[in-house]
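Undergrad: below are the sequence and a predicted model for it; my questions follow.
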Amino acid sequence: MKKLSCSLWMAGLLTLLSACAVKPGVTGLNPSQDKAREMSDQLMAQQRLANQEKANAISHHRVWYAGFGLHSGSRAFLGDVQLTRQRLAEINPELISYSFDNELHQDKLDAPFAHLGSIDQTARDIARQAREGDVVTIMLSSHGYTDLVAVEIGNKPSAPIWTRYLKTALAPLEKFPTVLIISSCYSGSLISQLQAPNRIIMTAAAQDKTSYGCQALAHNTFFIDALFGSKLDAGQNLMQVFEHTKELVSEREKKEKVDPSLPQIFVGEKMQAYVQQPLKSWLQ
């Protein structure tokens with residue numbers, strides 16, 4: 001049953017970190033190709049313009065979302081980006097959203113590439129436009145290891161995102177209420193460096209645990225499926241939602257006979273009031 005575990009990818013971690021060698025098989029569009037990089041930049045510019053226009057048209061507080069499917073090795077990572085966006089948009093149809101993914105494409109991209117640079121640029125874009133009362137949700141989905149999130153674009157491994165670099169990229173958002181969701185193995189190890197007073201962090205696993213659901217053709221990781229799947233109740237507060245998510249993940253892990261992932265949550269001191277309110281009251 002270990003085939004369900006993202007930790008299987010760890011067998012190639014040293015190769016990824018030391019040589020970033022291309023894995024066997026078909027290589028798709030990636031940022032090393034001028035044409036692909038231009039396509040990604042154009043898609044990013046289109047998202048930025050559309051979101052700026054939408055944000056300017058909303059007079060009350062806004063909800064921002066940016067999802068990043070950082071690895072081309074499984075459809076689940078893109079699925080997590082899409083499912084999270086779908087559920088947030090159901091709660092708030094005026095959701096302002098950015099989507100990035102590294103799915104394998106040969107001719108044309110569907111979304112901009114997901115990597116540290118796109119996280120950094122998006123955080124700065126949102127911070128420039130956000131105003132008091134706005135809420136931001138950032139979701140990262142990928143393979144991972146202690147203190148890092150992996151990046152693979154078009155079947156070509158790229159430099160991983162270390163926690164210290166992610167902290168710097170997200171720094172522009174620190175004054176805004178932000179929910180950071182990370183679905184990867186060992187993602188709990190990122191919490192200590194990323195915690196901030198205005199931030200809630202939810203991770204798919206404890207600092208020394210693997211997470212599940214990232215096999216190649218999976219629709220979603222276990223964690224995001226439990227968090228934003230059909231059983232999400234926006235009338236519950238975030239702590240209730242998280243506790244229910246843990247129960248659903250645990251039930252599925254027991255059914256699959258795999259070790260528990262033990263999802264984690266951190267709530268910053270300025271976010272205590274948010275986690276006690278129904279989701280729909282502060283996301284609408």
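TA: Looks like it arrived, so ask away. Numbering: from 1, shown residues only.

Undergrad: quick check: residue 94 vs residue 49, distance?
TA: Here residue 94 is placed at a distance of 17 Å from residue 49 (CB to CB, to the nearest Å). The C-beta positions use only the backbone N, C-alpha and C, and glycine is treated the same way.

Undergrad: higher neighbour count, these two?
TA: residue 94 (14 against 10; other CB atoms under 10 Å).

Undergrad: and that one, what does it touch?
TA: By CB atoms under 8 Å, 6 or more residues apart in numbering, the residues touching residue 94 are 54, 58, 62, 63.

Undergrad: pull the number of nearby residues for the third one.
TA: The local packing of residue 62 (other CB under 10 Å) involves 22 other residues.

Undergrad: can you tell me the closest non-neighbouring residue to it?
TA: Excluding its sequence neighbours, the residue lying closest to residue 62 (CB to CB, 6 or more residues apart in numbering) is residue 134, at 4.8 Å.

Undergrad: was I right about that neighbour contacting residue 61?
TA: Yes - the pair residue 134 and residue 61 qualifies as a contact (CB atoms under 8 Å) at a distance of 5.4 Å.

Undergrad: more neighbours: these two, which one.
TA: residue 134 (20 against 15).

Undergrad: quick one: that one from residue 204, how far?
TA: From residue 134 across to residue 204, the span is 26 Å (CB to CB).

Undergrad: how much space separates the residue of the chain most remote from its centre from residue 131?
TA: Distance from the centre of the chain peaks at residue 59, with 27.6 Å (CA atoms, centre = their mean). Distance, residue 59 to residue 131, using CB to CB: 10 Å.

Undergrad: ok, which stretches of this protein are helices?
TA: In the chain, the helices defined using DSSP state H lie at 13-18, 34-57, 75-91, 116-129, 163-170, 191-194, 222-228, 238-256, 272-275, 279-283.

Undergrad: Throw those into TSV and include distance to residue 102, thanks.
TA: Formatted as TSV, the helices of the chain follow (distance: least, CB to CB, whole Å):
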stretch	distance to residue 102
helix 13-18	14
helix 34-57	10
helix 75-91	8
helix 116-129	10
helix 163-170	16
helix 191-194	22
helix 222-228	16
helix 238-256	25
helix 272-275	31
helix 279-283	27
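
Undergrad: need the winner for burial among those.
TA: Of those, the one with the most neighbours on average (mean count of other CB atoms under 10 Å) is helix 222-228, at a mean of 26.

Undergrad: tell me the confidence at the residue nearest in space to the middle of the chain?
TA: By CA atoms, centre = their mean, the chain has its centre lying nearest to residue 140, at 1.7 Å. pLDDT, residue 140: 98.
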